[in-house]
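>>> coordinates only, sequence not included:
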């Protein structure tokens, strides 16, 4: 099932948009009020390029929320469920952000650009509204806004080679979740070893939106000898690699403990943060649901399957949802993430596809463990 | 230019989704993390049905933010730039919501369901995060959440007839922006005389998402004698009717005074509200930009034109953007909304389309005046 979507002004085009069109983009989605490439027409080729060579991704839709000013650290530390104390300038921490009831609102990477300047590199919700409201109502002295910063992802086993050709061998020394501010041919960007795949690589946070095509073309040229391919976040690879997708995997109402992000929540830190007391209580009683990775029976699923699907336990009672499901080359099986009642999690269950087919789920792991 | 978009789990399907597919939906967009119908393949027929007969719209993506509890009014009144005092239960006010700098965050209708219970019926931003953060940080005693409430729009000159056939002649007495809670064949909904067209009609806020197809089918059956047609918010009609589209018309950074919503901002009310001092200062100095309605030269534009387009003044200097432009049957001309420097607003200017064509703009009116 597929529909057309055209480029209107309510949804923004990224600085790389023209390059996507030139490379034959066929499937789009939207993310943070921006168009995001979903496929260039051959999902198998995109998967193969990502896991065997190198893939170039317009992930500008992973917008930044900048917090800057004398009280920036105080605000970031208060809204982050992960302790940001001790994070060095030039380093990143992955940090769930919750509301006062412990409900997950976003799961950004937080980049510490300076002692008084941070970026939340966000998933798909208007986190800027949350952080700005909390800062303003607490009377904190800092600005909260969306800067001109648009990540371009270079992902895959040859990604480091591509970036080394582009910028020099020194980039090989950048540690995971480390970043530096650089300029290449007058194009300014933040070069960070990060990305939403398990294949390694970098994200180039372009900080001059007028130079999008220049940056895309420079990376493309450096990547051609390595077989670079246009792509985007890849459903089967990211499930294989255990990467969480806020909203896709949990809808709008889940806690970090339910979805396996507990190890990124600093429940034992001394200072208070938004949602702490609710999450402490949830830890004590145990989460009501769990996100699990399962293998699914049945014919090979396509990358564009319709989701979610209802889950029933072995007694036939409704017990949650398969949130996403797709064929996994790595497992040579259909692979899915399901958010299910804790009583069901860890065991088998069944789900029904939109075409009415009943599929059997086999437990693989609790997500994040 | 058009791309495919498929139904994944990160973007929600409305309770009416299957009906859209059955009626031959061809074009989709996304709004508040939900799929929204854009066209069923014949924009001219959809416009004609809307202005001459009656059109049925899935506008479930116009989500609700419910505020309920002892301090609900205090919170609503504080975040609303429009004075909500004196609003009766069963009535609606259109109310811009701004941040502390006076930047527009959303332009909801606010429904007063009870003295201690309100719905913000929102445009495309996560207003729930803003309202929840402000309420929690101020220690106000109320809950802020998204209820199960999905509007179905019945719009056009025969809309009242359709709803009268469905529910009875009494519905003709409901005033504009008045509503009642009703049940029809066990389907619960809030019936409100409102909608995002200038053609009149109702919105039925379904409050049991499992009954979406039942409600759609009941309205469809009542509407068939009147020539009901599937549709959705219609770009040319809504510009002709002077209806604002947050984000499409202004991007993410504008004030209500810039975009012609000043008459809905109660700057002279006695109590404080978020953004009041910033907006008072802006009123004193005059807004830097203005949203204007203009006629545009050139060949008939399609409903799926790519936007926005750059504006230059008569001296050739960059002066803003044409945000949306489309053929208007009413004006027998291309019609556009442009957000331009105040120095340019009111006069002529030129714009350049993505294909490089230069179009001449003729001032029609300041939006909202």
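The structure has been received and is ready for your questions. Since the model is a prediction, treat every value here as computed from it, not as a measurement.
>>> Quick one: classify the residue in the stretch 251-369 of chain A positioned nearest to chain B as helix, strand or coil.
Taking Cβ to the nearest Cβ as the measure, the point where the stretch 251-369 of chain A comes nearest chain B is residue A:307, at 3.7 Å. Placement of C-beta: from N, CA and C, glycine included. Here residue A:307 is coil, with the state taken from DSSP: H, G, I helix; E, B strand; the rest coil.
>>> all strands of the stretch 151-300 of chain A, in order?
Along the stretch 151-300 of chain A, the stretches classed as strands by DSSP state E, counting those that start in this stretch are A:179-184, A:187-192, A:201-206, A:229-231, A:289-296.
>>> which residues in the stretch 1-150 of chain A form helices?
Using DSSP state H, counting those that start in this stretch, the helices found in the stretch 1-150 of chain A span residues A:17-22, A:43-52, A:72-79, A:127-137.
>>> helices and strands around the longest one, which ones?
With contacts defined as 3 or more Cβ pairs under 8 Å, 6 or more residues apart in numbering or on different chains; DSSP states H and E, the secondary structure elements packing on helix A:127-137 are strand A:64-68, helix A:72-79, strand A:97-98, strand A:104-106, strand A:143-145, helix B:127-137.
>>> Now do the last one: distance to the chain's middle.
Taking the mean C-alpha point of helix B:127-137 and that of its whole chain, the gap between them comes to 21 Å (Cα atoms, centre = their mean, to the nearest Å).
>>> Averaged pLDDT, that helix. What do you get?
In this model, helix B:127-137 has an average pLDDT of 98.
>>> Identify the bridge partners of residue A:153.
residue A:57, residue A:203 (DSSP bridges).
>>> can I get the strands of the stretch 151-300 of chain A in TSV with mean pLDDT and mean neighbour count?
Shown next, in TSV, are the strands of the stretch 151-300 of chain A (pLDDT from 0 to 100; neighbours: other Cβ atoms under 10 Å in any protein chain shown):
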stretch	mean pLDDT	mean neighbour count
strand A:179-184	98	16
strand A:187-192	98	21
strand A:201-206	98	25
strand A:229-231	98	25
strand A:289-296	98	23
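>>> Could you save these as TSV and add columns showing distance to residue B:23?
Converted to TSV, these look like this (distance: least, Cβ to Cβ, whole Å):
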stretch	distance to residue B:23
strand A:179-184	49
strand A:187-192	46
strand A:201-206	42
strand A:229-231	34
strand A:289-296	32
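>>> per-residue pLDDT, the residue nearest to residue A:162 when sequence neighbours are not counted?
Nearest residue to residue A:162 in three dimensions, chain neighbours excluded: residue A:223, at 4.3 Å (Cβ to Cβ, 6 or more residues apart in numbering or on different chains). Here, the pLDDT recorded for residue A:223 equals 98.
>>> Distance of residue A:223 relative to chain B?
Distance of residue A:223 to chain B, computed by Cβ to the nearest Cβ, to the nearest Å: 24 Å.
>>> before we move on, what about residue A:50?
Relative to chain B, residue A:50 is positioned 18 Å away (criterion: Cβ to the nearest Cβ).
>>> and what of residue A:218?
Spatial separation of residue A:218 from chain B under the definition Cβ to the nearest Cβ is 24 Å.
>>> what's the burial count for that residue?
Residue A:218 is surrounded by 18 other residues when neighbours are defined as other Cβ atoms under 10 Å in any protein chain shown.
>>> thinking it is in contact with residue A:189, fair?
No: with contact defined as Cβ atoms under 8 Å, residue A:218 does not reach residue A:189; the gap is 10.3 Å.
>>> What's opposite residue A:121 in the beta bridge?
Beta-bridge partners of residue A:121, counted by DSSP bridges, are residue A:64, residue A:109.
>>> follow-up on the earlier one: please identify the deepest-packed of the helices of the stretch 1-150 of chain A.
Each of these was given a mean neighbour count from mean count of other Cβ atoms under 10 Å in any protein chain shown, and the largest, a mean of 25, is that of helix A:127-137.
>>> by how many degrees do that helix and helix B:72-79 diverge?
With axes from the mean of the first three to the mean of the last three Cα atoms, to 10 degrees as the basis, helix A:127-137 and helix B:72-79 are set at 100 degrees to each other.
>>> who's in contact with stretch A:305-316?
Taking Cβ atoms under 8 Å, 6 or more residues apart in numbering or on different chains as the criterion, the residues outside stretch A:305-316 that touch it are A:1, A:318-326, A:338, A:340-341, A:343-344, A:347-354, A:361, B:6-9.
>>> List the buried residues of that stretch.
In terms of neighbour count (16 or more other Cβ atoms under 10 Å in any protein chain shown), stretch A:305-316 has its buried residues at A:305, A:306, A:307, A:308, A:309, A:311, A:312, A:313.
>>> cool, stretch A:76-92 as well?
When neighbours are counted by 16+ other Cβ under 10 Å, the buried residues of stretch A:76-92 are found to be A:76-84, A:87, A:90-92.
>>> picking that back up, dump the helices and strands packed on helix A:127-137 into TSV; add distance to residue B:183 as well.
Conversion of the helices and strands packed on helix A:127-137 to TSV gives the following (distance: least, Cβ to Cβ, whole Å):
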stretch	distance to residue B:183
strand A:64-68	43
helix A:72-79	42
strand A:97-98	37
strand A:104-106	34
strand A:143-145	44
helix B:127-137	27
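>>> returning to what we had before: any of the contacts of stretch A:305-316 buried? List them.
Under a neighbour-count criterion of 16+ other Cβ under 10 Å, the subset of the contacts of stretch A:305-316 counted as buried comprises A:319-326, A:338, A:340-341, A:344, A:349-351, A:353, A:361, B:6-9.
>>> Which of those fall within helices?
Among those, no member is found in helices (DSSP state H).
>>> and the gap between residue A:100 and residue A:252?
For residue A:100, the distance to residue A:252 equals 16 Å [Cβ to Cβ, to the nearest Å].
>>> ugh, wrong one, residue A:192
Taking Cβ to Cβ as the measure, residue A:192 and residue A:252 are separated by 28 Å.
>>> go on, residue A:169?
Here the criterion is Cβ to Cβ. By it, residue A:169 lies 45 Å from residue A:252.
>>> okay, those two: which has more neighbours?
residue A:252 (16 against 9).
>>> Residue A:240 contacts residue A:198, doesn't it?
Yes: contact status for residue A:240 versus residue A:198: in contact at 6.9 Å, counting by Cβ under 8 Å.
>>> Which one's more surrounded, these two?
When neighbours are counted by other Cβ under 10 Å, residue A:240 comes out ahead of the other of residue A:240 and residue A:198, with 20 against 15.
>>> where does the nearest residue to the more buried one once chain neighbours are set aside land on pLDDT?
Sequence neighbours aside, residue A:330 is the residue nearest to residue A:240 in space, at 4.7 Å (criterion: Cβ to Cβ, 6+ apart). Reported pLDDT at residue A:330 in the predicted model: 97.
>>> now residue A:3
Reading off the per-residue confidence, residue A:3 sits at a pLDDT of 88.
>>> hmm, back to that, do you know which of the helices of the stretch 1-150 of chain A lies nearest residue A:277?
For the helices of the stretch 1-150 of chain A, distance to residue A:277 was read as Cβ to Cβ. The smallest value, 13.6 Å, belongs to helix A:72-79.
>>> what angle sits between that closest one and strand A:64-68?
Between the direction of helix A:72-79 and that of strand A:64-68, the angle (the same axes, to 10 degrees) works out to 130 degrees.
>>> Any idea how far helix A:72-79 is from the middle of the chain?
Once both centres are worked out by Cα atoms, centre = their mean, helix A:72-79 turns out to sit 22 Å from its chain's centre.
>>> can you check stretch A:84-93 too?
Stretch A:84-93 sits 19 Å away from the centroid of its parent chain (Cα atoms, centre = their mean).
>>> Can you get me the start-to-end distance on that stretch?
Stretch A:84-93 has its terminal residues 7 Å apart, counting by Cα to Cα, to the nearest Å.
>>> now stretch A:249-256: mean pLDDT?
When pLDDT is averaged over stretch A:249-256, the result is 94.
>>> Not counting that stretch itself, show me its contacts.
The set of residues that contact stretch A:249-256 without belonging to it, under Cβ under 8 Å, 6+ apart, is A:81, A:96, A:98, A:102-104, A:107, A:258-259, A:262, A:264-265, A:278-279, A:282, A:287, A:289, A:291, A:323-324, A:337, A:339, A:367, B:9, B:12, B:33, B:146.
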